[in-house]
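1. how would this look folded up:
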Amino acid sequence: MRPEVSTKKFKSRRILYFTVVFFLIVLLGLCTEEESSDFFLKIYRSIDIYTRAYKELALNYVDTIDPEALMRSGIEGMLKTLDPYTIYMGEKENEEIDLVTSGKYGGIGVTIGLRDGYITVVNLLEGFSAAKQGIEIGDRIIEVDGKSTKQMSLEKVRQMVRGIPGTEVKLKIEREGVDHPIEFVLIREEIKLNNVTYTGFVSEGIGYIKLERFSRTAGNDFRDAVKELLMQGNLKGLVLDLRDNPGGLLESAVDVASKFLPENSLVVTTRGRRKDSERKYYSTEPPMLKELPVAVLVNRYSASASEIVSGAIQDYDRGVIVGSKTFGKGLVQTITRLSENASLKLTTARYYTPSGRCIQEIDYWHRDSMGIAKTTPDSLKRKFYTVHKRSVWEGGGILPDTVVEDTSRYPFIDELNRKAIIFKYANYYASKHKSIPENFDVDDEILNDFVDFMEKKGFVYEDECKSKLKELRSYAVSARCDKMVLEHIEKIEELLNIDLKQMVTKYRKELCTALRTEIVGRIKGEKARIESGISTDMSIQTAVNILKNEKLYSSLLSAKSK
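-> Alright, predicted model coming up:
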């Protein structure tokens, strides 16, 4: 007997229709003139099979199925076989894309994250309602508009806090050192995300600009920052910091690169599947900084638009790249609207730097027997040349001209950050000290207090050696090894027990820097936090030394340096 069809039947048929349209748009839109009739036949048959399977599941599965959720799961399953940047986007994801492109939203000026399972304020934007009315970094949000956040996802809380500018939102928070919840009534404002988060001089004549992202206004924001430096003093060199910048709009990357390169210089080329898909992007204005020595800071989290800018500057030998190898994202995404609340962001092209290299590191289209995407082996990477005939390579991100060791290579510091111990200690310290001196530094008293804090929080550090030993113990138990084997493993474990005081002594320099920066930021604000870290930031100091040494700067940009 055929089961009774619910009132959702019409809705599911409509969803089915849009699913078919979706496949036609995506698959036929990707086809080239060279595709054979057999290829189109495969498309037709695949759509027919998918449609029949969807219909049977939606109407005849033993339990009631949400047709929209089923469709989304089917699409997402298909897209998982491609690259991770090709995604289906519902209403929530579209809002995030709008935020990235426009660089503005309605909110109260907080960034939230999860810390020990609590929705926690991890950053504040100065000048907006949250900061002005007394919200502090480290505050735990326990209620939004009277609703407990205990079972809410981070995304749900973020949506509730954001809203139409001019409207109210009520927050109840818990704070370190305060024994009762604090309530706030905040007015939402239009918040413009700053592309440039810091502008200033880091040494005599050496300017510094921190570019955080590439939203639509990045080019204008960067221009304003350069003008500010030019007005402040005699600008003899510039450090452009693109570390941790995940990218953004391609056009904004071209706009920023245009400030350094001669007008009509090729900045980037994109090439898709079709022969006629190639598009070249050129600098569109006379450069603001025609001959000024430039150093660009990058790291493994510099991606996409950051790599377009640093790649163009490197290929033209316009500046020195300092830091560690970049992420290696050389793929271009295009957003296609499928319905009022649904879009498809799909990879449509690869981009190439002016020398002709594609810096995409991971090959998602040639996988191993386990289905895992592979990195391009060095033996298959092609060599290209800069204007000064320096060798540069494709397929592995942008390699810096001067390498500076990434601090994330210190596993103890990395583990402290991963478990938010430094973050939490800064909250604790700020609750006990409402002000700090101008020359604040971390001394033995603070370090000893930090050790006590780690122990109270139950922080346990396991290095890679001890982690591997635990795996060995687990294997020995499962394999029913002799008791003597387990006893020997236990003895080795005892020898490897890590004393936190010893680790603090071993990483004293790096830990003092991390603690000072976090504490200063918590008590004095974001600008002071950045300034406090400049003197101990090896990448910045390396860049400054290069810019002040004309001979060294020139040698790094000559053929013999690579």
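2. Let me know the pLDDT of E68.
-> E68 carries a pLDDT score of 89 in this model.
3. so it sits in a strand?
-> No - E68 is assigned helix when assessed by DSSP: H, G, I helix; E, B strand; the rest coil, not a strand.
4. ok, how many other residues are close to the closest residue to P246 other than its chain neighbours?
-> Leaving aside its sequence neighbours, P246 sits nearest to A303 (C-beta to C-beta, 6 or more residues apart in numbering; 5.1 Å). C-betas here are computed from N, CA, C, even on glycine. Neighbourhood size, A303 [other C-beta atoms under 10 Å]: 22.
5. Use 10 as the first number for this chain going forward.
-> From this message on, residue numbering opens at 10, which makes the last subject A312.
6. isn't A312 right up against G256?
-> Yes - if you go by C-beta atoms under 8 Å, A312 and G256 touch, sitting 4.9 Å apart.
7. Need the overlap of contacts for these two.
-> In terms of C-beta atoms under 8 Å, 6 or more residues apart in numbering, A312 and G256 are both contacted by the residues K338.
8. now the stretch 110-259 of the chain, which segments are flagged as low pLDDT?
-> Within the stretch 110-259 of the chain, the stretches with pLDDT under 70 are 110.
9. quick one: the helices in it?
-> 138-141, 163-170, 227-241, 259-266 (DSSP state H, counting those that start in this stretch).
10. Domains in this protein, by residue range?
-> As recorded under automatic domain parsing, the domains making up the chain are 18-90, 113-201, 205-412, 417-470+507-554.
11. Just name the most buried of these.
-> domain 205-412 (a mean of 19; mean count of other C-beta atoms under 10 Å).
12. Geometric centre of the chain: which residue is closest?
-> Closest to where the C-alpha atoms of the chain average out (C-alpha atoms, centre = their mean) is P255, at 4.5 Å.
13. unless I'm mixing things up, it is touching S313, no?
-> Yes - contact criterion C-beta under 8 Å: P255 and S313 qualify, at 6.7 Å.
14. Model confidence for R23, exactly?
-> 56.
15. which stretches of the stretch 110-259 of the chain form strands?
-> Assigned by DSSP state E, counting those that start in this stretch, the stretch 110-259 of the chain shows strands spanning 113-116, 119-124, 127-133, 149-153, 156-157, 177-183, 191-196, 198-201, 205-212, 215-220, 246-250.
16. Ok, which of those comes nearest Y325?
-> strand 246-250 (14.4 Å; C-beta to C-beta).
17. got a list of contacts for that closest one?
-> 207, 211, 214-220, 235, 238, 298, 301-306, 318, 328, 549, 552-553, 556-557.
18. returning to what we had before: which element is the residue nearest to P255 on?
-> Assigned by DSSP states H and E, A312 belongs to no helix or strand.
19. mind listing what it touches?
-> 254-256, 335-338.
20. Distance to I368 for these - can I get that in a markdown table?
-> Listed next are the contacts of A312 as a markdown table, based on distance: C-beta to C-beta, whole Å:
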| residue | distance to I368 |
| --- | --- |
| N254 | 15 |
| P255 | 15 |
| G256 | 12 |
| T335 | 7 |
| F336 | 9 |
| G337 | 6 |
| K338 | 8 |
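21. Name the single longest strand found in this structure.
-> If each strand of the chain is counted by residues according to DSSP state E, the longest one is strand 352-361.
22. Mind checking the pLDDT average for it?
-> Strand 352-361 shows an average pLDDT of 93 in the prediction.
23. between that strand and helix 259-266, how many degrees?
-> Calculated by axes from the mean of the first three to the mean of the last three C-alpha atoms, to 10 degrees, strand 352-361 forms an angle of 40 degrees with helix 259-266.
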